[in-house]
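Participant: Provided below are the primary sequence and the corresponding predicted coordinates.
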Amino acid sequence: MDQRLEETFERLAGATVEPAAVTWVMEYERRQGRQPVDRRHDRSFAADIESPPRLIEIKATATSYRGWFLPMEPVQVKHAHSDPNFYVYVVENVGQGDPALFTVRILSGDQLRQLVEKAKKREYYEVGWPTKKLRRDPCGVDAWRLRAGAS
């Protein structure tokens with residue numbers, strides 16, 4: 001019996017998706033003979049991973065980006081236009097938890113430039129969303145109950 005059939009994988013969501021995708025991409029890069037370095041915590045760096053000669057920005061999702069958009073920072077758009085070693089790895093299907101079933105689409109060069117040329121500039125603020133229980137509103141109803149249709 002195939003041992004993989006007996007394995008179970010924890011479903012991933014929220015903040016667990018990106019680290020799983022980064023780990024997967026780092027392993028992929030090593031298999032390709034490159035030496036990846038995680039640069040996500042270096043604010044001055046334009047991408048998530050440095051894997052010479054590549055600069056790799058990872059876009060990870062639990063399901064699929066099809067029909068949605070890829071958020072890119074201005075410095076990433078600049079690199080996409082001018083740096084032939086800038087890559088975007090779109091890692092999908094992370095939420096099911098099994099790295100063997102993750103999918104990746106690697107964008108670079110002319111293909112990436114053509115996509116970026118059609119990009120729409122947006123301006124927004126990121127508002128932190130707490131993970132601990134939110135205070136009830138003055139009416140005493142939790143927001144999630146309203147959305148779920150509960151009383």
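Facilitator: Good, I have the coordinates. Numbering: from 1, shown residues only.

Participant: residue ranges with poor pLDDT in the chain?
Facilitator: 1-7, 13, 129-151 (pLDDT under 70).

Participant: Now for the residue at minimal distance from the centre of the chain: which residues touch it?
Facilitator: For the chain, the residue nearest the mean C-alpha position is Ala60 (2.3 Å; CA atoms, centre = their mean). For Ala60, the contacting residues are 17-18, 20-22, 91-92, 94, by CB atoms under 8 Å, 6 or more residues apart in numbering. From N, CA and C alone the C-beta is placed, and that goes for glycine too.

Participant: go again using 6 Å as the cut-off
Facilitator: 17-18, 21, 91, 94 (CB atoms under 6 Å, 6 or more residues apart in numbering).

Participant: Give me the subset of those residues lying in helices.
Facilitator: By the criterion of DSSP state H, membership of those in helices covers 17-18, 21.

Participant: what pairs with the residue nearest to the centre of the chain across the strands?
Facilitator: For Ala60, the residues forming beta bridges with it (DSSP bridges) are Val91.

Participant: Measure how buried Arg66 is and give me the count.
Facilitator: 8 (other CB atoms under 10 Å).

Participant: Could you check how far Glu123 is from Pro74?
Facilitator: Distance of Glu123 to Pro74, computed by CB to CB, to the nearest Å: 10 Å.

Participant: which of these two has more neighbours?
Facilitator: Each of Glu123 and Pro74 has its neighbours counted (other CB under 10 Å); Pro74 has more, 9 against 4.

Participant: ok, and what's touching the helix or strand that contains Val75?
Facilitator: For Val75, the element it lies in under DSSP states H and E is helix 74-82. Residues from elsewhere that reach helix 74-82 (CB under 6 Å, 6+ apart): 46, 57, 86, 112, 116.

Participant: for stretch 20-28, same thing?
Facilitator: Here stretch 20-28 has contacts from 12, 36, 58, 60, 89, 91, 94, 99, 102, using CB under 6 Å, 6+ apart.

Participant: Can you give me the separation between Tyr87 and Glu10?
Facilitator: 29 Å.

Participant: higher neighbour count, those two?
Facilitator: Per other CB under 10 Å, whichever of Tyr87 and Glu10 has more neighbours is Tyr87, with 22 against 10.

Participant: Show me where the chain has its helices.
Facilitator: 3-6, 17-31, 74-82, 109-117, 143-148.
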